[in-house]
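**Student:** Below are the sequence and a predicted model for it; my questions follow.
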Amino acid sequence: MNISIRFIFPFILPFLTATSMTAPKTNFDAYNAQYDQGTCSTVKRLKQTPPDSGYPFVLITSVKFKGCDKGIPTEQEQSNLDRVSDSVYANVTRLVKNIMAGTFTYQCERQEYYYVADTTQIRDRLSALYKKYFSAYDANISIKLDKDWDTYRKLLHPNE
């Protein structure tokens, strides 16, 4: 796989702005990488040092979007994705103690990563949210045990 890391802030600014409206003030690192099949964009929370034993489960929720340019959302689509992210964040936060770990956007799909203390009702609540308010998107919800925070350390950290 041919990878070159480039810091490109304009793609990330809308996400950071939207997140700062609802999420607690936190440090994030944003970077883009070029893969053989296109650009990916990653936003990673810096303040948390993994693993945190109080949050043993990783919630990965994603939406596929059509408004993209080389795999990255267009400006209009970014605005829509910000609304999805804000809604997911609000619902997860109301339901369970969590740490928003970051996002990964690649090939017209936005994945959001949360580490949660409990998984009760998360899938049902997010499924209902997507169905009611964001039915234009193909959404996916995955929850798995990740006590060592391998997903955070291996996926959201830039590699060589």
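**Tutor:** On my side now, so go ahead. Numbering: from 1, shown residues only.
**Student:** Surely Trp149 is in contact with Lys44?
**Tutor:** No: assessed by CB atoms under 8 Å, Trp149 is found out of contact with Lys44, at 11.9 Å. Where C-beta positions appear, they are placed from N, C-alpha and C, glycine not excepted.
**Student:** Mutual contacts of these two, please.
**Tutor:** Ala101 (CB atoms under 8 Å, 6 or more residues apart in numbering).
**Student:** Let's check: the centremost residue of the chain is which one?
**Tutor:** Against the mean C-alpha coordinate of the chain, by CA atoms, centre = their mean, the closest residue is Glu112 at 2.0 Å.
**Student:** Look at that residue and give its secondary structure.
**Tutor:** strand (DSSP: H, G, I helix; E, B strand; the rest coil).
**Student:** Please report how far Lys60 lies from Ser79.
**Tutor:** Small correction: residue 60 is Ile, not Lys. The gap separating Ile60 from Ser79 is 23 Å, by CB to CB, to the nearest Å.
**Student:** actually Cys40, sorry about that
**Tutor:** According to CB to CB, Cys40 and Ser79 sit 20 Å apart.
**Student:** So for those two, which residue has more residues nearby?
**Tutor:** Cys40 (18 against 13; other CB atoms under 10 Å).
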